[in-house]
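> Return a 3D structure for these sequence lines:
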Amino acid sequence: MVQRPEVLSGQTHEVMTGCGLLKITVNQLNDEPFEIFLTLGKNGVCGRAVTGTIGKQVSRQLRYRVPLEEITKDLEDVECKSANGHNKSCIDAIGQILRKYVKQLQEVA
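Numbers count the residues shown, from 1 in each chain. Predicted structure coming up:
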């Protein structure tokens, strides 16, 4: 597992989901995603617990160098009853944001 340095740089993306505004912060190490933090506004304890857990699990996968493409595939197209016109669920929204990083990495390679 790659240890977290004291300071990382990142970007925060805001995505409107069927459950409310989801803020996805992606911190990078050596120009690759290293960890994510998720904040779901005004959705109650359960929604925050789910997104918090997903954030921790994705971050752990990234630190163990699981390919970003594989992580993204697992998250994309997950549907829930709160889907809106932009994404199928909060999980799908996370996958869509990570897909942008996959494309950036492919362009560099």
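
> Hmm, Ile97 and Thr72 touching each other?
No - using CB atoms under 8 Å, Thr72 is not in contact with Ile97; the gap is 9.2 Å. Every C-beta, even on glycine, is put in place using the N, C-alpha and C of the backbone.

> ok, then the element right after the helix or strand containing Leu22?
Element membership for Leu22 (DSSP states H and E) is strand 20-29. Using DSSP H and E, the helix or strand that follows strand 20-29 towards the C-terminus is strand 32-40.

> Mind listing residues that contact that next one?
2, 4, 8, 17, 19-28, 47-48, 51-52, 54-55, 58-59, 62-63, 68, 90, 94, 98, 101, 105 (CB atoms under 8 Å, 6 or more residues apart in numbering).

> What are the buried residues along the stretch of helix or strand Thr12 belongs to?
Here Thr12 sits within strand 9-17, counting by DSSP H and E. By 16 or more other CB atoms under 10 Å, the buried positions in strand 9-17 come out as 10, 13, 15, 17.

> ok, now stretch 14-29?
Buried, per 16+ other CB under 10 Å, within stretch 14-29: 15, 17-19, 22, 24, 26-27, 29.

> relative orientation of the lowest-mean-pLDDT helix or strand in the chain and strand 32-40 in degrees?
Using mean pLDDT, DSSP states H and E, the weakest-scoring helix or strand in the chain turns out to be helix 44-63, at a mean of 90. Interaxial angle, helix 44-63 versus strand 32-40 (axes from the mean of the first three to the mean of the last three CA atoms, to 10 degrees): 180 degrees.

> Show me what helix 44-63 packs onto, helices and strands only.
Judged by 3 or more CB pairs under 8 Å, 6 or more residues apart in numbering; DSSP states H and E, helix 44-63 is in contact with strand 32-40, helix 68-75, helix 90-108.

> ok, the residue nearest the centre of the chain to Gln3 distance?
With the centre of the chain defined as its mean C-alpha position, the nearest residue by CA atoms, centre = their mean is Ile94, 4.0 Å away. Ile94 sits 24 Å away from Gln3, going by CB to CB, to the nearest Å.
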